[in-house]
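Trainee: no sequence on this one, just coordinates:
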């Protein structure tokens, strides 16, 4: 499928969700303030000042602050199931993989976790392994599991270049 077609349809779909629509409207308003007035005038999120060049990343902070991790995955599931029917087991493996790979703050103490998949999605994407072979992966969050939500959000904002907020993955 064409990337542009997929993401254009996804954008249209998520605009129907009140929370995601409000996030897009908030970002558009503050980008306008920044580009037209030279000031972003954004309220701090989790104690952090939001600057224009980092505004796009503020939704990830809000996602954790407002406990919307599962909500986002539910939206994606609904979209894909309605627009792109695919094998249920493959899709379930994909969503399980993604929901554990992208760390949910409220679940950081559950790591490390070992999960078995019917499909080796990361092996297929990274190493050209057979997609239809089962695989076991360990997902780990090697950071401080007792950190506050504010600290976690700061790390997502400032340590994203080192992939903070994503699980470390090991094939077993």
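Mentor: That came in fine, so what should we check first? Everything numeric in this text was worked out from a predicted model, so none of it was measured.
Trainee: and residue 116, what element?
Mentor: Element membership for residue 116, per DSSP states H and E: strand 113-117.
Trainee: who are the neighbours in contact with residue 55?
Mentor: Shown in contact with residue 55 (CB atoms under 8 Å, 6 or more residues apart in numbering): 27, 30, 31, 34, 40, 42. The C-beta positions use only the backbone N, C-alpha and C, and glycine is treated the same way.
Trainee: nearest to residue 60, of these?
Mentor: In terms of CB to CB, no member of these lies closer to residue 60 than residue 27, at 11.7 Å.
Trainee: which of the residues in stretch 148-159 are buried?
Mentor: The neighbour-count check on stretch 148-159 (16 or more other CB atoms under 10 Å) flags 152, 153, 154, 155, 156, 157 as buried.
Trainee: before we move on, the earlier item: narrow the contacts of residue 55 to those that are buried.
Mentor: By 16+ other CB under 10 Å, the contacts of residue 55 give 27, 30, 34, 40, 42 as buried.
Trainee: measure the first one to residue 33 for me?
Mentor: According to CB to CB, to the nearest Å, residue 27 and residue 33 sit 11 Å apart.
Trainee: Lovely, talk soon.
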